[in-house]
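Undergrad: Fold the following for me, if possible:
(chains A and B)
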Amino acid sequence: MEEASPPLRCFRESHSSELFSDDGVQTVTSKEQQHYHYLKKGLRHLSDAYECLDASRPWLCYWILHSLELLEEPVPAAVASDVCQFLARCQSPTGGFGGGPGQHAHLAPTYAAVNALCILGTEEAYKVINREKLLDFLYSVKQPDGSFVMHVGGEVDVRSAYCAASVASLTNIITPTLFDGTHNWILSCQNWEGGLGGVPGLEAHGGYTFCGTAALVILGKEHMLDLKALLRWVTSKQMRFEGGFQGRCNKLVDGCYSFWQAGLLPLLHRALFKEGDSTLSESSWMFEREALQEYILLCCQNPGGGLLDKPGKSRDFYHTCYCLSGLSVAQHFGNKDLHNELILGRDENRLAPTHPVYNICPEKVAQAIEHFHQLPVPVQTGPTPSAMDQS
Amino acid sequence: MCLFFYFRDRKEWADLEPVPQDDGPNPVVKIAYSEKFTDVFDMFRALLKNDEKSERAFALTAEAIDLNAANYTVWHYRRVLLQALDKDLREEMKYITAIIEDQPKNYQVWNHRRMVVEWLNDPSEELQFVAEILSQDAKNYHAWQHRQWVIQEYKLWNGELEYVEELLEEDVRNNSAWNQRHFVISHTSGYSDPAILDREVQYTLKQIKKAPHNESAWNYLKGILHDGGLSSYPGLLEQVTELQDTCSSPYLTAFLVDLYEDALETNNSSYDQQETLKKALELCKLLAEEKDTIRREYWNYVSRSLQNTYGSGDPNVRTENARKPLFQT
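TA: Numbering: from 1, shown residues only, chains lettered A, B, ... in the order given. Have a look, this model is predicted:
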């Protein structure tokens, strides 16, 4: 028989008594200070790990600014002005915004830039946007079937409709023809699962479902969806064990879906209400708010600041933005007149409410719309969609 | 960190003045680019500025793509050059194949491949290529999107259902494969032929018996019967209730709720309306309180809706939640 190896310390009988004593007093923290420093730094400097996002720098501005507004951390005026000037450099001479100075316009950084500028909400910020050229850009990416390509020579999917509808509605440049056919194209993305795919025929996916639904809300056509089927699909995407949401059936939980998926519930609630539904809850969105908050707070925070997909993954600004946005959705029910809050853990965990269509704070949405509605809708000056060549 | 011969030092590039990025005096979200990154993109900006259409420009796009494959401006330029220089598109297919293998979750690479396939008007490699990518990640969304585009554009429906069945054999929980099944059938035979519908129902029930907690199969069953009406499909209620002993799951229970709801909605004469409502409400309660509590709010809403729509009408008994409007229209 072999000599017994020395016993492991952690298997000693007495070891379990070393377990931390919680005194029955809970601490569920949100580490706001850490997040604030992570965000503050990122707004200025990013490591070379971010080279892969060199064509998405307006996104970085939006993700960081939105996270800061949710945390109710102010942006110093000088920084705000610098952001405005940077985004002005990202604006294309032919309209819309690109991923960085000198890059071609693309609907995604255009969405991000407009949102970032609306978060800043200063005259300087609003003035950055060349509305006339933005309208030309939107027409230049419009397709005959109602869809939009993401950029000239680029791919079509439902994100583009959302990006276009978002920026056009905020800046008041919607013309009678701009969204011709768009709602029908989006509706054709709803599939047998009840959710929406990126293009007709594809698997239902949280990101694309959010984009399609929010775009339809902006266009006033959300009632044309099979709302019951969509509601069943999205509520099924909350994971019974983890509490967070998956993006697609039989896939894994991811913190970012805290917004893309859970954010659908406020949209659906409002849509059903508008249809005359009298059986809607008066106290909660139709998902398990506590479970989602637990998932985000307990599993998605990096102790050094920033949030993430799931334990084991690295933090990044995209997940920081969408985990916080989802946390806000879970915390706040209702609208400004009828509002209840369910804050898991300490009161300090409370975030500012976010607008479920645009995902910037509701006051910023209202302020931007008010500002731009004082201006006339521009007239389209560029060539018509059918004349655009696709190279 | 490997040695790189910067473009700015190469004699064949000496005539071109690099163009630094115009970030302004007080940059924000400033990325700490490597020397190589800066060198390549400064030169790229120079080419763009001069609208240069040359072999060296084409070569540089590959370097830029290698550093950031998401730079759609570079990809666009590369396409302009492919046409202006009349480059060999077969070679480009080899190139894009390698890039996608390396970075299969990028939008630009798939969009580029699609362009090249269109220019060549040759989809002959596509199904095999996508199958290769899917063998590494059976749920890659871009891959499925490309596959559906190829099939629809070039009418390559033949053999796709067989491919789907292979994937489902490997992983019956692959929701992308279930989606592809629906895609193929709805675009070929359709589901209105009773023989086809029955084949699909039986296939799905078979998969459910193998893995009763597989949500995809239950969703597919509901999805294909949605239009026809769950409650009028002959023998379905019986087949599903039979499964309850061995294959019980929240999905089975939810399916029964859907079936009963359909019976109520269509006023199906084979069902006692009052009993059916009662059963549906019982199951919603079971789901909300016991079997699917994460969806408690949802199942309670379904209960209230059913009660409101089909409940025997004492109009004076208003449900608890039908009071003040929540939203201003």
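Undergrad: On the strand side of things, show who A:H339 bridges to.
TA: A:G334 (DSSP bridges).
Undergrad: Quick check: it vs A:E282, distance?
TA: 11 Å (C-beta to C-beta, to the nearest Å). Placement of C-beta: from N, CA and C, glycine included.
Undergrad: okay, the two: which has more neighbours?
TA: A:E282 (15 against 10; other C-beta atoms under 10 Å in any protein chain shown).
Undergrad: from what I can see B:E170 touches B:L134, true?
TA: No: counting by C-beta atoms under 8 Å, B:E170 does not reach B:L134; the two are 10.3 Å apart.
Undergrad: ok, the two, which is more surrounded?
TA: Taking other C-beta under 10 Å, B:E170 and B:L134 do not tie; B:L134 has more neighbours (21 against 11).
Undergrad: what residue ranges in the chain score low on pLDDT?
TA: In the absence of a named chain, chain A is used. A:1-5, A:26, A:28-30, A:382-391 (pLDDT under 70).
Undergrad: nope, chain B please
TA: Low-confidence segments of chain B (pLDDT under 70): B:1, B:313-329.
Undergrad: So which residues of it form strands?
TA: Per DSSP state E, chain B carries strands over the ranges B:30-31.
Undergrad: OK, contacts around the residue in the stretch 51-200 of chain A positioned nearest to chain B?
TA: Closest to chain B within the stretch 51-200 of chain A is A:W192: 3.4 Å, counting by C-beta to the nearest C-beta. Listed by C-beta atoms under 8 Å, 6 or more residues apart in numbering or on different chains, the contact partners of A:W192 are B:179, B:182, B:219-220, B:223-224, B:226.
Undergrad: so which of the residues you listed comes closest to A:W63?
TA: Proximity of these to A:W63 (C-beta to C-beta) peaks at B:N179, which lies at 29.9 Å.
Undergrad: residues near B:K49, how many?
TA: Look at B:K49: counted by other C-beta under 10 Å, it has 12 neighbours.
Undergrad: you'd agree it is up against B:P20?
TA: No: if you go by C-beta under 8 Å, B:K49 and B:P20 don't touch, sitting 11.6 Å apart.
Undergrad: rewinding a little: any idea which element the residue of the stretch 51-200 of chain A closest to chain B lies in?
TA: Using DSSP states H and E, A:W192 is not contained in any helix or strand.
Undergrad: For chain A, what is the nearest residue in the stretch 151-300 of chain B?
TA: B:G223 (3.4 Å).
Undergrad: That residue: neighbour count?
TA: Number of residues near B:G223 (other C-beta under 10 Å) recorded here: 20.
Undergrad: give the contact list for it.
TA: B:G223 makes contact with A:191-193, B:182, according to C-beta under 8 Å, 6+ apart.
Undergrad: now B:P250, nearest residue through space, not along the chain?
TA: Leaving out its chain neighbours, the residue that sits closest to B:P250 by C-beta to C-beta, 6 or more residues apart in numbering or on different chains is B:D292, at 4.2 Å.
Undergrad: Now do the contacts for the one you found.
TA: For B:D292, the contacting residues are A:240, B:250, B:253-254, B:299, by C-beta under 8 Å, 6+ apart.
Undergrad: Would you mind listing which of those are buried?
TA: The neighbour count (16 or more other C-beta atoms under 10 Å in any protein chain shown) marks B:250, B:253-254, B:299 as buried among the contacts of B:D292.
Undergrad: now those as CSV including distance to B:F129?
TA: As requested, the buried ones among the contacts of B:D292 are arranged in CSV below (distance: C-beta to C-beta, whole Å):
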residue, distance to B:F129
B:P250, 39
B:T253, 42
B:A254, 38
B:W299, 44
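Undergrad: now B:K36: how far from A:G100?
TA: Using C-beta to C-beta, we find B:K36 at a distance of 17 Å from A:G100.
Undergrad: between the two, which one's more packed in?
TA: Using other C-beta under 10 Å as the criterion, B:K36 and A:G100 rank with A:G100 on top: 24 against 18.
Undergrad: residues touching the residue lying closest to that one once chain neighbours are set aside, list them.
TA: Nearest residue to A:G100 in three dimensions, chain neighbours excluded: A:R57, at 4.9 Å (C-beta to C-beta, 6+ apart). Contact criterion C-beta under 8 Å, 6+ apart gives A:86, A:90, A:99-100, A:109, B:29, B:31 as the residues in contact with A:R57.
Undergrad: ok, now with 6 Å
TA: By C-beta atoms under 6 Å, 6 or more residues apart in numbering or on different chains, the contact set of A:R57 is A:99-100, B:29.
Undergrad: any chance you could read off phi and psi for A:S92?
TA: The phi and psi values for A:S92, taken as degrees, to the nearest 10, are phi -80, psi 140.
Undergrad: do the one 3 residues further on as well
TA: Here the main-chain torsion angles of A:G95 (degrees, to the nearest 10) amount to phi 100, psi 150.
Undergrad: Surely it and A:L135 touch.
TA: No: contact criterion C-beta atoms under 6 Å: A:G95 and A:L135 do not qualify, at 7.2 Å.
Undergrad: what about those two, which has more around it?
TA: A:L135 (25 against 22).
Undergrad: State the distance from the more buried one to B:T204.
TA: Distance from A:L135 to B:T204, by C-beta to C-beta: 48 Å.
Undergrad: ok, now how distant is the residue nearest the centre of chain B from B:W110?
TA: Nearest residue to the geometric centre of chain B (C-alpha atoms, centre = their mean): B:Y141, 4.9 Å. Distance, B:Y141 to B:W110, by C-beta to C-beta: 10 Å.
Undergrad: now do B:Q239
TA: 41 Å.
Undergrad: Looking at the two, which one has more neighbours?
TA: Of the pair B:Q239 and B:W110, B:W110 is the one with more neighbours under other C-beta under 10 Å, namely 25 against 14.
Undergrad: May I have the phi/psi pair for the residue nearest to B:P250?
TA: Backbone torsions of B:D292, given as degrees, to the nearest 10, read phi -150, psi 50.
Undergrad: So which residues of the stretch 1-150 of chain B form helices?
TA: B:35-50, B:55-67, B:72-84, B:89-102, B:107-120, B:126-136, B:141-154 (DSSP state H, counting those that start in this stretch).
Undergrad: about what we covered before: by neighbour count, which of the contacts of B:G223 wins?
TA: So for those (other C-beta under 10 Å), the most neighbours sit at A:E193, 28 neighbours.
Undergrad: who's in contact with B:N26?
TA: A:D82.
Undergrad: now with 8 Å?
TA: A:78, A:82, A:85.
Undergrad: Same question for A:Y162.
TA: Applying C-beta under 8 Å, 6+ apart to A:Y162 gives the contacts A:111, A:210-212, A:214-215.
Undergrad: so how far is B:K278 from the nearest residue to B:K279 once chain neighbours are set aside?
TA: In space, and not counting its chain neighbours, B:K279 is closest to B:Y260: 5.7 Å by C-beta to C-beta, 6+ apart. B:Y260 sits 9 Å away from B:K278, taking C-beta to C-beta as the criterion.
Undergrad: Just the contacts of A:Y162: which are in helices?
TA: Members of those lying in helices (criterion: DSSP state H): A:111, A:210-212, A:214-215.
Undergrad: hey, where'd the helices end up in the stretch 201-329 of chain B?
TA: B:215-225, B:236-247, B:250-265, B:273-286, B:296-310.
Undergrad: do the same with the stretch 201-350 of chain A
TA: Counting by DSSP H, counting those that start in this stretch, the stretch 201-350 of chain A has these helices, from start to end: A:206-219, A:227-236, A:257-260, A:264-274, A:289-299, A:317-331.
Undergrad: Do the third one and chain B come into contact?
TA: No: in this structure, helix A:257-260 remains apart from chain B according to C-beta under 8 Å from any C-beta of the partner chain; the gap is never smaller than 13.7 Å.
Undergrad: List the buried residues in that helix.
TA: Residues of helix A:257-260 classed as buried by neighbour count (16+ other C-beta under 10 Å): A:257-260.
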